[in-house]
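In: Could you work out the structure for the sequence below:
(chains A and B)
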Amino acid sequence: MQLLDLIKEEYKIISIIGMSKNAGKTTTLNEIISEAYEEDIPIGISSIGRDGEALDIVTETEKPKIWVCENTYVATAQSLLLLSDANVEIMMTTNYRTPLGEVVIGKVRSAGYIQLAGPQTLKEMKKVSEDMLNLGAKFVIIDGSLDRKSQAAPAISDATILATGAAISRDINRVVEETLHTISLLRLKKVEDKYENILKSLLEENTIAIVDEDFKVERLKYKTALGMGREISEHIKKNSRYLLIPGSLVKSTVSEILSSTHHYKNLTIAVSDGTKIFIPPKDYLHFLRMGLKLEVVYPINLIGVTVNPYSPYGYYFEPEELLKKMKSYIKDIPVIDIMIGG
Amino acid sequence: MFMDQKTIDALDFQYVYDKIDCITPYGNIFKSRMHCYKPGEEEALSQQFLMLESFIPHIKDTSIRSGFNNILSHFKDLRQSIKRANDGFILNDVEFFEIKSMLFFLRELSEFIDKNGIPVYDETKIKPIEPLEKLLDPENTKISSFYIYDLYSEELRKIRDKKREIDKSLKSEQKSIRDKIKEELKVDIRPDNTVIISKDKKDVLDRIKEYPQLNYVSETYLNVKFSIKASDAVDELEKELNLLRRKEELEEMRIREILTKEIKKHQKAIYKNISSIGKLDLLIAKAKFAVDYNCVKPEIVKEHIIEIEDGIHPKVAEMLLKKNLKFTPISISLKRGVTCITGANMGGKTITLKLVGLLCAMAQHGLFVTAKKMTLGLSEYIKSSIGDMQSTDSGLSTFGGEVKVVKEAIKRADERGLILIDELARGTNPEEGYAISKAIVEYLKDKQAITVLTTHYDNVADLEDVVHLQVVGLSNLDMKKLKEEISAEEGFEIINKYMDYRLRKVDKDTPIPKDALNIARIMGLDDEIISLAEKNLKRST
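Out: Sure thing, here's the model as predicted:
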């Protein structure tokens, strides 16, 4: 099965997120680019940077070199575009700043390697993606990471591909378990329709808030949910319907809430999307048994999982075995080995 | 200095300034240097007003207005690139792109102006730079993207053709090797030209070991990785390709250098356009303000007078509108010497001072004013002592500040200026406050400046040569009838409803109306206290 088949004609903005560094995100991206080139489909690519962390971007964030073919649209920082050994026609400048210069959209005239460092906010990323579509890209691929600091690219894309692989652990079962856990978080259900708009606007305000069954909103003044579980739970009443946590949701917050109020049975915790939850698999399952309900404001449309059986740390799994194992647990989403295909 | 910061704040000039909505970075530069016209520049200011006036009917047309907004929004600040070109640096492709976009939008702007019959002045004239357009759009595509085009040099075209050709033969050479391997060994070749074979397939491995086109790379317990050996032909082609790439790069650099020099040659024309865009943008922004706020062109005269008919303070009007209240337009006529404004509390005396100052400041900055009519002789300065009514500080500290301002104003009282003093010495005891106020009026009444002063004290205005204006206030009101309404509405709104904010010229010794008790009554002070106060009043008079 080809990766391109996952995208078909259906999706316009697709994000690729990796479970960890070296999980095969770049390989997945390269694979889509070459498949699109083979079929003569012009596509757009970019990556989403980390919000406001200049140093991090300059020193630490991986900026893999991507091989781009003719007629590919790229949105990347000016300095990286000019460094590229591909010949790129400058199509548009944006006013979006990155530590590596303004984001520029170009069209590849002759193939070569290029580094990606796209816009730093979701709003800018969305605009840049739309610009590339307007210029002629059939679809746009966003390279997004999956860690606490980065923006969740899935929130602005129609479809998401998850890259996982041996790099996560030497234990094949742990790789499978972590992957399944991430998938179940990414695919969390959307909040109830009738609460959706309230929760969206509260999310925009970036406030922790409780919405009760009569749609009454109580805004809590805590800047973060971290370490405030007990305080937050004091506001939870019998008729509380949703607790909105706009930032990250971590284990300790959930455990504090579950242990200090009895009213959580009727309550659902809502977060922006599945990338915002940082609870280890074991604890997550334990919380679910205790009656925790989690939903998201922006659901993610996971269309595929890519698997990389090789780890750059010098070990690997038998490709067939990893793929088989993954496929036996993940029934309803295609799983593709990007190294051997299929 | 025309206005100090305190005066700018007191008049809410910043509010008006912020509403001047320039779109381009160049417009904002001219806005930040907005010229203030002083006495002697009446002719120049009138010229400016004529230009602005000529734009008003066009800006009223929303399609023209949004057309301008749209085109102007594309201009970026390119001065840094032009300077770099001038300093001998070589511009990069993004800079060429930005200059090319600017050239295209210059043409669009110039055509838009022609098509819509917008008046053109020397300082706002947009002149497309055709030679540069041709230079950066050699294929004449009229698309604003940029690339080092093949057309720039025969040499570049040859290099690129050759590159393509070699690339093609390289790919077909590689493909034929891949196909051959696939055919002969029945294995899959991965995109990076490697082959991974499971150790189970011993027969294949054995065959590969003998196979000349595959190289062993590495192995694991489970499989072995091979890579395709480059044939001599492939090696040769790759070498040549690399050589061509280097040549291409050098040639591109040479072309960038030539392009940069050409741009440098036209820098004067570019700078002229930059300046025109900025001035045009500011002019349009002023016109948008004038249209949005129903402004009128002030008439500038040599004589030092200020006449306002139905003036509106835009910020106060906006605040009132939020409360569903209407600003009562104020008319006032001022000349050299002192004018005293007296009248009821909450009668808008302070607003009148602010309005006079603000409209003068607007006019002298080349803006139309929020009034039905205004005639104005220019001032060298505006000096104000207007307290912030919400401010908590009072008493001596306020008084100290007032004295400081008055001292500064008196220093310049012999120049043509505008001095605005609100409720002088209100924080002191009445006897001294009265004495000081009166002394200042006596001093200023023969000076060059126009002074407007509000006061609570009787008899401050009763001097010869001092104009006395009074807020009409609540004097025409039937308090009994009013009392019935009080419970229904908020006090502020009632006062606003019945307060007659108009000014009337009165005899110099007309007493100040005693509206304070009425206002206290409307605002809901206990009846018992009100009647005690009335008794006290009777006793003292």
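
In: Need the three-state assignment for residue 270.
Out: The chain I'm using is chain A. Under the three-state scheme (DSSP: H, G, I helix; E, B strand; the rest coil), residue A:270 adopts strand.

In: Report the separation between it and chain B.
Out: From residue A:270 across to chain B, the span is 35 Å (CB to the nearest CB, to the nearest Å). Placement of C-beta: from N, CA and C, glycine included.

In: That residue and residue A:299 touch, don't they?
Out: No. Residue A:270 lies out of contact with residue A:299 (CB atoms under 8 Å); the separation is 11.4 Å.

In: Compare those two (neighbour count), which wins?
Out: residue A:270 (28 against 17; other CB atoms under 10 Å in any protein chain shown).

In: What residues of the helix or strand hosting residue A:34 count as buried?
Out: Residue A:34 belongs to helix A:25-38 when elements are defined using DSSP states H and E. Within helix A:25-38, the residues scored as buried using 16 or more other CB atoms under 10 Å in any protein chain shown are A:25-33, A:35-37.

In: ok, residues contacting the helix or strand just after it?
Out: Remark: after helix A:25-38, the chain's next helix or strand is strand A:43-47, criterion DSSP H and E. By CB atoms under 8 Å, 6 or more residues apart in numbering or on different chains, the residues outside strand A:43-47 that reach it are A:29, A:32-33, A:36, A:63, A:66, A:68, A:72-76, A:116-119, A:125, A:128-129, A:132-133, A:135, A:137-144.

In: can you pull the contacts of residue 194?
Out: All of this refers to chain A. Contacts of residue A:194 (CB under 8 Å, 6+ apart): residue A:215.

In: nope, chain B please
Out: Contacts were defined as CB under 8 Å, 6+ apart; by that measure residue B:194 touches B:217, B:225-228.

In: quick check, nearest of those residues to chain A?
Out: residue B:225 (10.2 Å; CB to the nearest CB).

In: Surely the closest one touches residue B:218?
Out: Yes. Look at residue B:225 against residue B:218 with CB under 8 Å: they come within range, at 5.0 Å.

In: show me where pLDDT drops low in the chain?
Out: Using chain A. A:1, A:49-64, A:145-152, A:340-342 (pLDDT under 70).

In: if you could check chain B rather than the one you did, that'd help
Out: Judged by pLDDT under 70, the stretches of chain B that qualify are B:191-192, B:388-398, B:427, B:475-492, B:508-509, B:511-514, B:540-541.

In: thinking again about what came up before, of residue B:225 and residue B:218, which one has the most company?
Out: Counted by other CB under 10 Å, residue B:225 and residue B:218 do not tie: residue B:225 has more neighbours, with 15 against 11.

In: what about stretch B:284-300, how long is it end to end?
Out: By CA to CA, to the nearest Å, the extent of stretch B:284-300 from end to end equals 21 Å.

In: How far does it sit from its chain's centre?
Out: With CA atoms, centre = their mean, to the nearest Å as the basis, stretch B:284-300 stands 15 Å off its chain's centre.

In: in that stretch, what's buried?
Out: Within stretch B:284-300, the residues scored as buried using 16+ other CB under 10 Å are B:284-291, B:293, B:295-298, B:300.

In: can you check stretch B:38-50 too?
Out: Across stretch B:38-50, burial judged by 16+ other CB under 10 Å covers B:38, B:41-42, B:45, B:48-49.

In: now do stretch B:95-114
Out: Applying 16+ other CB under 10 Å to stretch B:95-114 flags B:95-110, B:112-113 as buried.

In: Kindly report the residues of the stretch 1-150 of chain B close to chain A.
Out: Applying CB under 8 Å from any CB of the partner chain, we find that the stretch 1-150 of chain B lies next to chain A at B:76, B:92-94, B:96-98, B:101, B:145-148.

In: Between those residues, which sits nearest residue B:531?
Out: Distance to residue B:531 across the residues of the stretch 1-150 of chain B next to chain A (CB to CB) is lowest for residue B:76, with 70.6 Å.

In: Am I right that that closest one falls within a strand?
Out: No. Judged by three-state DSSP, residue B:76 forms no part of a strand; its state is coil.

In: Does it touch residue B:102 like I think?
Out: Yes. With contact defined as CB under 8 Å, residue B:76 counts as touching residue B:102 (7.3 Å).

In: before we move on, which element is the closest residue to residue A:168 other than its chain neighbours in?
Out: In space, and not counting its chain neighbours, residue A:168 is closest to residue A:175: 4.9 Å by CB to CB, 6 or more residues apart in numbering or on different chains. In this assignment (DSSP H and E), residue A:175 forms part of helix A:172-186.

In: what comes up buried for the helix or strand just after that helix?
Out: Toward the C-terminus, helix A:172-186 is succeeded by helix A:193-205 as the next helix or strand (DSSP H and E). Neighbour counts using 16+ other CB under 10 Å place A:195, A:198-199, A:202-203 of helix A:193-205 among the buried residues.

In: same thing with stretch A:183-191?
Out: Within stretch A:183-191, the residues scored as buried using 16+ other CB under 10 Å are A:183-188, A:191.

In: now that stretch, how far from the centre of its chain.
Out: Offset of stretch A:183-191 from its chain centre (CA atoms, centre = their mean): 12 Å.

In: ditto for stretch B:356-365
Out: For stretch B:356-365, the distance to the chain centre is 18 Å (CA atoms, centre = their mean).

In: hmm, who's touching that stretch?
Out: By CB under 8 Å, 6+ apart, the residues outside stretch B:356-365 that reach it are B:2-3, B:7, B:10-13, B:16, B:34-38, B:45, B:298, B:300, B:306, B:308, B:311, B:313, B:332, B:334, B:368-371, B:374, B:376, B:378-379, B:382, B:384, B:386, B:418, B:420, B:452.

In: In strands, which of these fall?
Out: B:300, B:306, B:308, B:311, B:332, B:334, B:374, B:376, B:382, B:384, B:418, B:420, B:452 (DSSP state E).

In: next one: phi and psi at the closest residue to residue B:223 other than its chain neighbours?
Out: If the residues on either side of it in the chain are set aside, residue B:223 comes closest to residue B:198, at 4.8 Å by CB to CB, 6+ apart. Torsion angles at residue B:198 (phi, psi; degrees, to the nearest 10) stand at phi -70, psi 140.

In: got the contact list for the residue lying farthest from the centre of chain A?
Out: Distance from the centre of chain A peaks at residue A:238, with 34.1 Å (CA atoms, centre = their mean). Neighbouring residues of residue A:238 by CB under 8 Å, 6+ apart: A:263, A:266.

In: Would you mind measuring from it to chain B?
Out: Taken as CB to the nearest CB, the span from residue A:238 to chain B is 39 Å.

In: Just read off the phi/psi values of that residue.
Out: phi -60, psi -40.

In: same deal with residue A:316?
Out: Here is the backbone geometry of residue A:316 (degrees, to the nearest 10): phi -160, psi 160.

In: Any idea how many residues pack against it?
Out: With other CB under 10 Å as criterion, residue A:316 counts 18.

In: residues in contact with it?
Out: By CB under 8 Å, 6+ apart, the residues touching residue A:316 are A:166, A:309-310, B:220, B:222.

In: what's the closest residue to it other than its chain neighbours in contact with, if anything?
Out: Here the nearest residue to residue A:316 in space, its sequence neighbours aside, is residue A:310; by CB to CB, 6+ apart that works out to 4.5 Å. Applying CB under 8 Å, 6+ apart to residue A:310 gives the contacts A:165-166, A:316, A:339.

In: now those in a markdown table, with distance to residue B:278 and secondary structure?
Out: Output for the contacts of residue A:310, formatted as a markdown table (distance: CB to CB, whole Å; DSSP: H, G, I helix; E, B strand; the rest coil):
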| residue | distance to residue B:278 | secondary structure |
| --- | --- | --- |
| A:165 | 55 | strand |
| A:166 | 59 | helix |
| A:316 | 63 | strand |
| A:339 | 58 | coil |
